[in-house]
Structures are given as C-alpha cells and as structure tokens.
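1. Take this sequence and fold it.
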Amino acid sequence: MKIVCIGRNYADHAKEMGNKVPDEPVVFIKPDSALLRNNNPFYVPAFTNEVHYELELVVRIDKNGKSIPKQFAKDYYSSMALGIDFTARDLQQKLKEKGLPWEKAKGFDYSACISPFVPVVKNMQDVNFEMHKNGSPVQVGHTADMIHEVDEIIAYVSQYFMLKTGDYIFTGTPAGVGPVSVGDLFEGYLQGEKLLSCAIK
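-> Predicted coordinates:
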C-alpha cells in the first residue's frame, strides 16, 4: 500500500507557510514504513531539530481504480480517519531551497500517524476535525474549506497513480501547524469524537 498526501489544500495553511494557493493538488507520497498506528508514541528522529505536526482527514481506498471520474470517486472509499503528517521542517526547508524533493522530510519512518477508521458521512464537505496539543486546541478544520475536495483529489491522483485497495489519502491540513516537543501529547477529534492520541518522545 501507499500513502498519498495532498499539500497546501487549505488556503489559510498555504498562507501561513508563505506559499501560493495552488491551482492543482500538490501531491507527494509516503511509503508504508511511515505508518504509526495504535496510538503509539512518536519518537523525534535524530536528523532533525524541528518536527511539525499537521492534522489531516484521511480516507482509505476500497478497490483498485485508474483515471477515476470525479462523479464515481465516492464509490472508491467508505471509511475515514485522522492522520498526523509529521514533517521535519528544517530539513524540508533545506531541500526546498535546493529545489530537491521533500521525501526525506515527509516520508521518514513513522511520520504518518493514523487513527482507527470510522464510516464516512453522507456529505464529505461537512466534516469537522480538530487537534489538541496538551489539552488546548491548535488546529480546527472543516472540509468545506478544502481547495480540492475528496472526490476531486481521488479523480486527480488516479490519473497519475493507480489507486489500490488499502491505499490511504491524506487530504491536507488546515492552518495552525507548529512544532512538537518531547513530552507533548496530541489528541485528534473527528466530528467531536476523540480518535487519535499521540505522545511525543
């Protein structure tokens, strides 16, 4: 399986990072070794001094699909979760300055924290989610604010990469990203239900 991630999919987040709002989805991929499951702790890797959290809505692909029309995209997923895209921001900045790919900063081991999955709602443009850091909210998202909605993402990505059963799609993060520190506790809520808990070690 693979983890397909969408960058800069919320205008406020793009602005807070000093990036332009993209016309097309910004796509990158994490390997399956990036998965961090079962509310296990996240250990800050030795190669970075600045890891940031990015909370995202995640959907799981149910069947193989290639060049999926947007109107049929809803038939390719039935469950959703919360994920944290952990990013080595200092390393990412160095790579961007050199015009190099981001994979080392985004796809390292255990950089994709994932909650248990729950059934999707009928209107995927009306999903609320939020992140608490040490008990205080730091990110609040709503899928209505996405630049590219879930079905559009699936249609776009499947033009370039065949989507396979079990693939995950991280759909982008809202504003409010920031650094993690050893001892922090991150908790994610989807539609008011706590699904995710991740301690930083």
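2. Next, count neighbours for L55.
-> Look at L55: counted by other CB atoms under 10 Å, it has 27 neighbours. For the C-beta atoms, the positions are set from N, CA and C on the backbone; glycine is no exception.
3. Check K194 too.
-> K194 has 12 neighbouring residues, counting by other CB under 10 Å.
4. and it, bridged to which residues?
-> Beta-bridge partners recorded for K194 (DSSP bridges): Y189.
5. doesn't G188 make contact with it?
-> Yes: at 7.3 Å, K194 counts as touching G188 under the criterion of CB atoms under 8 Å.
6. Check the offset of the longest strand anywhere in the chain from the chain's centre.
-> Ordering each strand of the chain by length in residues (DSSP state E) puts strand 77-85 first. Remark: strand 77-85 is offset 8 Å from the chain centroid, using CA atoms, centre = their mean, to the nearest Å.
7. same for it, what does it pack against?
-> strand 55-61, strand 112-114, strand 118-119, strand 168-170, strand 185-190, strand 193-199 (3 or more CB pairs under 8 Å, 6 or more residues apart in numbering; DSSP states H and E).
8. How many residues are close by D90?
-> 16.
9. tell me the contacts of the spatially closest residue to it that is not a sequence neighbour?
-> Using CB to CB, 6 or more residues apart in numbering and skipping the chain neighbours, the partner closest in space to D90 is E50 (4.1 Å). Contacts of E50 were listed using CB atoms under 8 Å, 6 or more residues apart in numbering, and they are 88-90, 179.
10. Type out the PyMOL command that picks the buried ones from the residues you listed.
-> The command below creates a PyMOL selection of those among the contacts of E50 that count as buried (16 or more other CB atoms under 10 Å):
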select buried, resi 88+89+90
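11. Narrow the contacts of E50 to those in strands?
-> Mapping the contacts of E50 onto strands (DSSP E) picks out 88, 179.
12. Any regions of the protein where pLDDT drops low?
-> 13-19 (pLDDT under 70).
13. Thanks again, I'm all set now.
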